[in-house]
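Asker: Take this sequence and fold it.
(one chain, ligands or ions: 2)
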Amino acid sequence: MDGIDFEGIAAGLASWIGSGPATVVVSGLATWVALLRTATSTLAVALAAVALCTAIELFAPAERGQGARGRIRNLGHLVVFQVLGLAAVTPWIRYGPAPSPAAPAVGPVEAGILVMAHLLAIDFVYYWYHRAQHRFPVLWAIHELHHADAELNATSSFRTYWLELPVQAVLVVSPAMLLLGDRGSVHALGVLVGSYAFLIFSHCNFRLALGPLSLLLCGPQVHRIHHSRLPEHRDRNFAQYFPFLDRLFGTWYAPSPAEFPPTGVDGLASDASFAQVWMRPFRSVPEGLAGGEAPARSSSRTPRESRARRHPRR
Ligand SMILES: [Zn+2]
Ligand SMILES: [Zn+2]
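Answerer: Ligands and ions are numbered 1, 2, ... in the order given. Predicted structure coming up:
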């Protein structure tokens, strides 16, 4: 595939077809294919990291008895996520705002600081988006698949509904990119590697408590609390990279050293079929808009109110 110039073919086809809607479709297809190719090479590296983490999971699992089926299913969700998600995000890539091209490239040290600032900016926006996902049924409908995983492990971050990709590209990733600009390949690579590393690591089935570092970096135990089935963990630890955001905004739950709860949700089975998963938002959202039962993860209570209910003052 490396030798095929899709952009060139698209340009040739476009000039042959002439201007109009057909040109837009052909050039859009070329962008989609280019995005797929970039994602494939990035994912090859990510999957190597997953394989390494899976080997470690076998030695010191937080939860014993996980099989291969769940992992294979999650990789299947990844394929759907990439193919449909990248198709859906293509118009935004082509016609959405681009980061400032005037921003000068930076060296490795500055790039390191910039990468952390970039991840913090992403996590700040993601924190509020994530809280909204747990609060509003229309957003929970596309987040539920991720939470339905009853066997949290290194493949779980790939278990994401495809509509998350365009929604997060617009609401989460683009604001940070517009704020900090494109500062060269070292910066871009750092953000990519950093975000993948956090996502894979924080879902790992490791019996690993980070102790005092838990507030600084999101580890497997802190994020497992977010995925927990237990009521005392509901709507806690929303940050994906930096848990001090949860402390700042009142949703932090500090796990005790041996606290590794079971995960999953009641509304959707962990092994639900791909057809069921694919159709679920298209069914539950209209039901919710029509006043029916569209479940949200959260109650309407704030974390502080929830805490007061669990520990009522006398
Ligand atoms: Zn969540
Ligand atoms: Zn997660």
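Asker: Just the buried positions in stretch 213-222, please.
Answerer: Within stretch 213-222, the residues that qualify as buried are Ser214, Leu215, Leu217, Cys218, Gly219, Pro220, Gln221, Val222, counting by 16 or more other CB atoms under 10 Å. C-beta here means a position set from N, CA and C on the backbone, and glycine is covered the same way.
Asker: Between the two ends of stretch 141-158, what distance do you get?
Answerer: 17 Å (CA to CA, to the nearest Å).
Asker: Just the CA atoms of stretch 160-175, as CSV, please.
Answerer: Output of stretch 160-175 as CSV, limited to C-alpha atoms (Å, rounded to 0.1, in the frame of the first residue of the first chain):
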residue,chain,number,x,y,z
THR,A,160,-14.9,2.8,22.2
TYR,A,161,-18.0,3.6,20.2
TRP,A,162,-17.0,5.0,16.7
LEU,A,163,-19.0,8.3,17.2
GLU,A,164,-16.6,9.2,20.0
LEU,A,165,-13.9,9.9,17.5
PRO,A,166,-15.6,12.8,15.6
VAL,A,167,-17.2,14.2,18.8
GLN,A,168,-13.9,14.2,20.7
ALA,A,169,-12.0,15.6,17.7
VAL,A,170,-14.2,18.6,17.7
LEU,A,171,-14.9,19.1,21.4
VAL,A,172,-11.7,17.9,23.1
VAL,A,173,-8.7,17.6,20.8
SER,A,174,-9.2,20.7,18.6
PRO,A,175,-9.5,23.3,21.4
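Asker: list the buried ones in it?
Answerer: By neighbour count on 16+ other CB under 10 Å, the buried set for stretch 160-175 is 160-169, 172-174.
Asker: circling back: could you work out the most separated pair of the buried residues of stretch 213-222?
Answerer: The most widely separated members of these, counting by CB to CB, are Leu215 and Pro220 (14.9 Å).
Asker: helices or strands up against the one helix or strand Val33 maps to?
Answerer: According to DSSP states H and E, Val33 maps onto helix 21-59. Judged by 3 or more CB pairs under 8 Å, 6 or more residues apart in numbering; DSSP states H and E, helix 21-59 is in contact with helix 6-17, helix 68-95, helix 185-202.
Asker: So His130 sits against Phe238, correct?
Answerer: Yes: under the criterion of CB atoms under 8 Å, His130 makes contact with Phe238 at 4.5 Å.
Asker: Who has more neighbours out of these two?
Answerer: Legend: neighbour count by other CB atoms under 10 Å for His130 and Phe238, higher for Phe238 (24 against 20).
Asker: my guess is the more buried one contacts Thr251, does it?
Answerer: Yes: using CB under 8 Å, Phe238 is in contact with Thr251, at 5.6 Å.
Asker: what about Ile72, how many neighbours?
Answerer: When neighbours are counted by other CB under 10 Å, Ile72 registers 10.
Asker: okay, and the common contacts of Phe238 and Thr251?
Answerer: Common contacts of Phe238 and Thr251 (CB atoms under 8 Å, 6 or more residues apart in numbering): Arg131.
Asker: Look at Ala258 and tell me its secondary structure.
Answerer: coil (DSSP: H, G, I helix; E, B strand; the rest coil).
Asker: separation between it and Gln221?
Answerer: Note on Ala258: its distance to Gln221, by CB to CB, to the nearest Å, is 10 Å.
Asker: Identify the residues contacting stretch 146-157?
Answerer: Stretch 146-157 is contacted from outside by 49-50, 53-54, 57, 62-63, 66-67, 70-71, 74-75, 78, 159-161, 199-200, 202-205, 224, 227, 262-265, 267-270, 272, 297, using CB under 8 Å, 6+ apart.
Asker: Which residues are in contact with the residue nearest to Thr40 when sequence neighbours are not counted?
Answerer: Computed as CB to CB, 6 or more residues apart in numbering, the closest residue to Thr40 that is not its neighbour in sequence is Gln82, at 7.9 Å. Gln82 makes contact with Leu36, Ala39, Thr40, Leu43, according to CB under 8 Å, 6+ apart.
Asker: picking that back up, could you list the buried residues of the helix holding Val33?
Answerer: 23, 26-36, 39, 43, 46-47, 50, 53-54, 57.
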